[in-house]
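Asker: I'd like to go over a predicted model; first the sequence, then the structure.
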Protein chains: 2
Amino acid sequence: MSEFTNVTVVREANVYFAGAVTSRTVIFPDGTKKTLGIMQPGEYTFNTGAAELMEILAGELDVKLPGNDLWDRIGGGESFEVPANSSFTMKVNTLTDYCCSFLG
Amino acid sequence: MSEFTNVTVVREANVYFAGAVTSRTVIFPDGTKKTLGIMQPGEYTFNTGAAELMEILAGELDVKLPGNDLWDRIGGGESFEVPANSSFTMKVNTLTDYCCSFLG
C-alpha cells in the first residue's frame, strides 16, 4: 500500500462506459495529474491526449497498444505506456485497480 | 465539482462485494478520513464502526437505516447519516458516486 501526500483530489468521479470504468483525479503540487481507477471486466478502447503510464495495481487485463497486432497480458504490479494522441484497447479479465499518470 | 486540497490519498482501492463497491481513502490534515466511492447497481449491507455521513454525489439508491422499517430514497445531492456500530442496507438503483465521511 502506498500513499500520495499533499495532493488535491477532485471529489466527483470520472465515469466511462456507463460506470464500468471509473476514476478519481489526483493533482500533485507540481501540477501533474494522475487518475486512480477501477475497471470492471469488459473491453474498452480509450483515446489518449497526453501520453499515459498505466500502472496496474491489482487485476489482469490484455492490452493492444498502437501499432501492435498482439495482445499483451498485464497483471498487478505491471505497467505499460501509451503514446500521446493515440488509442488503445484493453480486455479486462478481472476487476482491475489502476493508477494512470499523464506524462509530459 | 469540488476538490479536497492538501490531503493524502491511499493509492490502492478498497474493494467490497467483488468490486461492485469500491472506494479510495482520503486523509485530511486533521487526521479525519473520507472515502470516495462508486457503487454498481445491487443490494449491499455494510456495518459501521464510527458513525458515517454518506453524501450521494450522483446516482440513486434506497437505504434502510437502523431501526427503520422503511426505505428512504436518496438521490444526487442528498445525504444520510448512519450511527456508529450499526448496519445499514442500500439498494443501489443506478450507478452511484458517493463521499463517505467518518464522524467522531
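Answerer: That came through fine.
Asker: Beta-bridge partners for residue A:63, please?
Answerer: residue A:72, residue A:90 (DSSP bridges).
Asker: now what about stretch A:5-12, what contacts it?
Answerer: Contact partners of stretch A:5-12, identified using C-beta atoms under 8 Å, 6 or more residues apart in numbering or on different chains, comprise A:24-29, B:1-9, B:24, B:26, B:36, B:57-58, B:97, B:99. Heads up, the C-betas are built off the backbone N, CA and C, glycines and all.
Asker: list the buried ones in that stretch?
Answerer: Across stretch A:5-12, burial judged by 16 or more other C-beta atoms under 10 Å in any protein chain shown covers A:7, A:8, A:9, A:10, A:11.
Asker: Same check on stretch A:79-95?
Answerer: When neighbours are counted by 16+ other C-beta under 10 Å, the buried residues of stretch A:79-95 are found to be A:80, A:82, A:88, A:90, A:92, A:95.
Asker: got CSV for those residues, with pLDDT too?
Answerer: Below are the buried residues of stretch A:79-95 laid out as CSV (pLDDT from 0 to 100):
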residue, pLDDT
A:80, 98
A:82, 98
A:88, 98
A:90, 98
A:92, 98
A:95, 98
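Asker: Just flag the most distant two among the residues you listed.
Answerer: Checked with C-beta to C-beta, those reach their widest spread between A:82 and A:95, with 20.9 Å between them.
Asker: need the residues of chain A near chain B, please.
Answerer: A:1-13, A:15, A:18-19, A:22, A:24, A:26-27, A:36, A:38, A:40, A:57-58, A:95, A:97, A:99 (C-beta under 8 Å from any C-beta of the partner chain).
Asker: Mark which of these are part of strands, please.
Answerer: Judged by DSSP state E, the residues of chain A next to chain B include A:3-10, A:15, A:22, A:24, A:26-27, A:36, A:38, A:57-58, A:95, A:97, A:99 as members of strands.
Asker: How about residue A:1: what's its closest non-neighbour residue?
Answerer: Distances taken as C-beta to C-beta, 6 or more residues apart in numbering or on different chains place residue B:12 nearest to residue A:1, at 5.3 Å, with adjacent residues excluded.
Asker: Now for residue A:61: which residues touch it?
Answerer: For residue A:61, the contacting residues are A:39, A:73, A:74, A:90, A:91, A:92, A:93, A:96, by C-beta under 8 Å, 6+ apart.
Asker: Give me the neighbour count for the third one.
Answerer: Using other C-beta atoms under 10 Å in any protein chain shown, residue A:74 is surrounded by 21 other residues.
Asker: That one contacts residue A:80, correct?
Answerer: Yes. The criterion here is C-beta atoms under 8 Å, and residue A:74 meets it with residue A:80 at 5.9 Å.
Asker: okay, and the common contacts of the two?
Answerer: Common contacts of residue A:74 and residue A:80, defined by C-beta under 8 Å, 6+ apart, comprise A:54, A:63.
Asker: Sheet-wise, list the partners of the helix or strand residue A:44 falls within with their directions.
Answerer: Element membership of residue A:44, judged by DSSP states H and E, is strand A:42-47. Here strand A:42-47 has these sheet partners by DSSP bridges: strand A:87-103 (antiparallel).
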